[in-house]
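Provided below are the primary sequence and the corresponding predicted coordinates.
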Number of protein chains: 2
Amino acid sequence: MNIRFYNAKILQTAEDHTFYITEGELWVQGNRISYIGAGKGDGAEDGKGTEPIRWEREMDVQGNLLMPGFKNAHTHTAMTFLRSYADDLPLQDWLNQQVFPREGQLTEEDVYWLNILGIMEYVTSGITSNFDMYFFPPMNAKASADTGFRTVQTSGLNNYGGTVELMEENYHIVNEMSDLTSFIVGFHAEYTTSKELMEGVAKLAQKLKSPVWMHNAETKREVEECRERWGMTPTKLTDSLGMYEYGGGGYHCVWFEEEDFEIFQKRKLTAVTNPASNLKLASGICPVKRFADEGIALAIGTDGPASNNCLDMFREMFLTSTLAKVREMDAACISADEVLYMATAGGAHAMLLEDCDSLAEGKKADLIMIDLQQPNMQPENNIVKNLVYSGSKQNVKMTMVNGKILYEDQQFHLGFDKTEVYRRANEIIGRMK
Amino acid sequence: MNIRFYNAKILQTAEDHTFYITEGELWVQGNRISYIGAGKGDGAEDGKGTEPIRWEREMDVQGNLLMPGFKNAHTHTAMTFLRSYADDLPLQDWLNQQVFPREGQLTEEDVYWLNILGIMEYVTSGITSNFDMYFFPPMNAKASADTGFRTVQTSGLNNYGGTVELMEENYHIVNEMSDLTSFIVGFHAEYTTSKELMEGVAKLAQKLKSPVWMHNAETKREVEECRERWGMTPTKLTDSLGMYEYGGGGYHCVWFEEEDFEIFQKRKLTAVTNPASNLKLASGICPVKRFADEGIALAIGTDGPASNNCLDMFREMFLTSTLAKVREMDAACISADEVLYMATAGGAHAMLLEDCDSLAEGKKADLIMIDLQQPNMQPENNIVKNLVYSGSKQNVKMTMVNGKILYEDQQFHLGFDKTEVYRRANEIIGRMK
């Protein structure tokens, strides 16, 4: 589809990870951005000479903002069914008593529908891709392919479910299913996974030349118990098993020790912070400033809807910046630009998404429109700060993935009836009550 | 205006500060709720016998939620002009170098328009009243009266502006201006106010039989310096000056000491927490659990848009609960019900708002409609948890104050053209750049 956006403010990403605004037009041809710049008359020509472009749609952006979509760099989307079901419990009790027994009852079809519900929520929040870990990766991928949403998956392999062989199978199925779906090697966490399985993961990663991802140092107890078991931290242990020959990273990364930072730096791993979940489960506050100071790449994720409980990157961005400030007791630490970079380009790089990190000619059209004509975006003293500190899902006017509009003016264009999706989600959890 | 809401879920407040849902109808007659209960046929009769009600409007709520509006219990609304203007600075530098010099340039008319902008933002967030401290209280009150919004004010008196006499004058002007506007005695903070002025405040409070409010223990430095000056904390000092004969409370209340809790308990004062602002200015995390354990009343505020930077009670509710959890390292601490109570009834009581604390027959119609047919509100495992943990401004379908709809389906009904309000806000800060 060819779409011409005009009268737009276009948020572009500079090499130093700051942002600047270009005023004018953005053209989408097929699934890519073909032009960003000043208006060119009626837009009927691409400026390169000969062939006129047939626009399926020309949209007056009315001075609003086009920006890269948010990348939700860690989540368990299908956990939508447990939203507000079991809250206010410590992580281990919550997992063992509430989450695991109910997850065991999920069918493949359940996971499909619960992913559709999560994707609906993503597009309302300006999220254009997610980095997911859950059961039944092919069904998860099918939900993304069917709706037109972009999903990168990793494996949630652990002692209670999955095998390395099944992961390898899923790796190929998901990577080959669609342009919108991909798969990277991973496993749940050290505290749920035997050394033999972890060794298998390391071998598979080497065979497939894949990065490796896992939950890492989410709680203090997790790190303490790992030390008791292996005499080292989860980062050190997994590194010693040869996990990170092709990079990767960790989710949460709250309770990091000196040598963990060194390994992340040396192996060029990415730390994904999940601030809302870490607060709600009383896990702690991620040392984001230390990661930034060490030059370690950062990205931001919501974690799953059962632990957050929402899939809202505006809230995560605000928390990433302000929790760093209060943790360091330094209001100057972590700027709005740094956070916005993590939430867009940082996530795209962690997820190995090609050409989805920023708005520029040739990049994929994974972009969103932000309504600046809302009171929380006024006055326009600084648009990036407005986004990070006062932005809200309410400001998301449109979400486009791979050149296709999936959400616009509160309407979903995902090919599903929302009432039916809600009915199924309520039915799934209803069955388990 | 008489409005009949039907097919509604109505969120009512129990005596033990929890919430329950009544399904059916809610009737508004004039500025009050006249009925809550099961449907009564076509609603043409009030069920008490004789007189048929003439409905100006009958609204099918379609199973969505009616709930009490949020009370924003501490803010400086007109600081909208400084939103995203000077961020990422410590509180004292931010105040002295960025805020105070620009506030000095504000005219009365500026404050009027900047309040209108803030009120627009309030209604998008389901806020039906605010507890404000700023310059030119009569202009602030006029903005509320003109838009139909409910505002309680206190004084920002300090060494650099205002007198006790002027406060007394404003007290009468604002309390008498409109049903929607009221005024309670207060001053800025110990660290900006001389002992003589504070003594004057105490006398005025006794004369007017008014509670007293101030910024209290927002930063560690503030408390340390107060100790150096007076050998006691701000709470102890103000109590010793006779401030709290008629109650009152403090904003922020982050760095509280043993005797402060005792005084708050003894004097029945309220602590207003401002979590987003406290994070962003790296002030600290309020000991909400301790206040709750001591039985001290709590309410929640956004603080001003220059320090937050948005006026969003959903974000504040999430933070109030989850910061308590991470502060105490206890995921079970502070429930969603407790937080929702603070954000509604708790604020109403702190602000001395009569009959605005909950939805019941005879209460004022300060209420909002929450769209449950959004993905972040599904499945409906627990509506209160959905509100507190995953709710968003995006879910606010309607905001009604004093029986009048001020916002509905993204449209403002405040009597002002939004473009004109934004133009003026940009012009005001533009003048100062």
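Sure thing, it's come through.

please count neighbours and contacts with C-alpha atoms only from this point.
OK.

residues from the stretch 201-350 of chain A in reach of chain B?
A:276, A:278-285, A:308-311, A:315, A:321-323, A:325-333, A:335 (CA under 8 Å from any CA of the partner chain).

now, these that are in helices?
A:276, A:278-280, A:315, A:321-323, A:325-328 (DSSP state H).

from those residues, which single one is nearest B:Cys253?
A:Val326 (15.6 Å; CA to CA).

spatially nearest residue to the closest one (excluding sequence neighbours)?
Distances taken as CA to CA, 6 or more residues apart in numbering or on different chains place B:Ala282 nearest to A:Val326, at 4.2 Å, with adjacent residues excluded.

about what we covered before: what subset of the residues of the stretch 201-350 of chain A next to chain B is buried?
Buried subset of those (neighbour count, 16 or more other CA atoms under 10 Å in any protein chain shown): A:276, A:278-285, A:308-311, A:315, A:321-323, A:325-333, A:335.

contacts only, for A:Gly39.
A:6-7, A:24-25 (CA atoms under 8 Å, 6 or more residues apart in numbering or on different chains).

separation between it and chain B?
In this view, A:Gly39 and chain B are 24 Å apart by CA to the nearest CA, to the nearest Å.

any idea how far that residue is from A:Leu65?
15 Å (CA to CA, to the nearest Å).

same check on A:Tyr246?
36 Å.

can you check A:His17 too?
For A:His17, the distance to A:Leu65 - CA to CA - is 18 Å.

who's more crowded, those two?
More crowded of A:His17 and A:Leu65, by other CA atoms under 10 Å in any protein chain shown: A:Leu65, with 22 against 15.

so what's that one up against?
A:8-11, A:369-372.

so where's chain A uncertain?
Applying pLDDT under 70 to chain A flags the ranges A:40-51.

tell me, what residue is most central in it?
The centre of chain A sits closest to A:Asn72, judged by CA atoms, centre = their mean, with a distance of 1.5 Å.

hmm, the helix or strand where it lies in reach of chain B?
Assigned by DSSP states H and E, A:Asn72 belongs to strand A:70-75. No: counting by CA under 8 Å from any CA, chain B has no neighbours in strand A:70-75; the shortest distance is 14.7 Å.

list of residues touching that strand?
By CA under 8 Å, 6+ apart, the list of residues contacting strand A:70-75 reads A:126-133, A:251, A:272, A:274, A:299-305, A:313, A:343-345, A:347-348, A:350-351.

before we move on, what about stretch A:317-337?
A:17-19, A:273, A:275-276, A:285-289, A:300, A:339-340, A:343, A:384-385, A:388-389, B:87-91, B:276, B:278-285.

can you do 6 Å?
Under the contact criterion CA atoms under 6 Å, 6 or more residues apart in numbering or on different chains, stretch A:317-337 has outside partners A:18, A:385, A:388-389, B:88-90, B:279-282, B:284.

quick one, what contacts the closest residue to A:Ala345 other than its chain neighbours?
Among residues not flanking A:Ala345 along the chain, A:Asp357 sits closest, at 4.2 Å (CA to CA, 6+ apart). A:Asp357 makes contact with A:344-345, A:348 under the criterion CA under 6 Å, 6+ apart.

filter those down to the buried ones, ChimeraX style.
Restricted to buried positions by 16+ other CA under 10 Å, the ChimeraX selection for the contacts of A:Asp357 reads:
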select /A:344,345,348
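
hey, where'd the strands end up in the stretch 1-150 of chain A?
With strands called from DSSP state E, counting those that start in this stretch, the stretch 1-150 of chain A shows them at A:2-13, A:19-29, A:32-37, A:57-60, A:65-68, A:70-75, A:127-133, A:150-154.

for A:Lys142, which non-adjacent residue is spatially closest?
Using CA to CA, 6+ apart, the closest residue to A:Lys142 is A:Tyr112 (7.4 Å).

isn't the one you found up against A:Met139?
Yes: using CA atoms under 6 Å, A:Tyr112 makes contact with A:Met139 at a distance of 5.4 Å.

what's the burial count for A:Asp293?
9.

and the gap between it and A:Asp16?
Taking CA to CA, one finds A:Asp293 at 15 Å from A:Asp16.

how are the strands of the stretch 301-433 of chain A distributed by residue range?
Under DSSP E, counting those that start in this stretch, the stretch 301-433 of chain A gives strands at A:367-370, A:396-401, A:404-408, A:411-412.

can you tell me which helices and strands the second one packs against?
Taking 3 or more CA pairs under 6 Å, 6 or more residues apart in numbering or on different chains; DSSP states H and E as the contact definition, the neighbouring helices and strands of strand A:396-401 are strand A:367-370, strand A:404-408.
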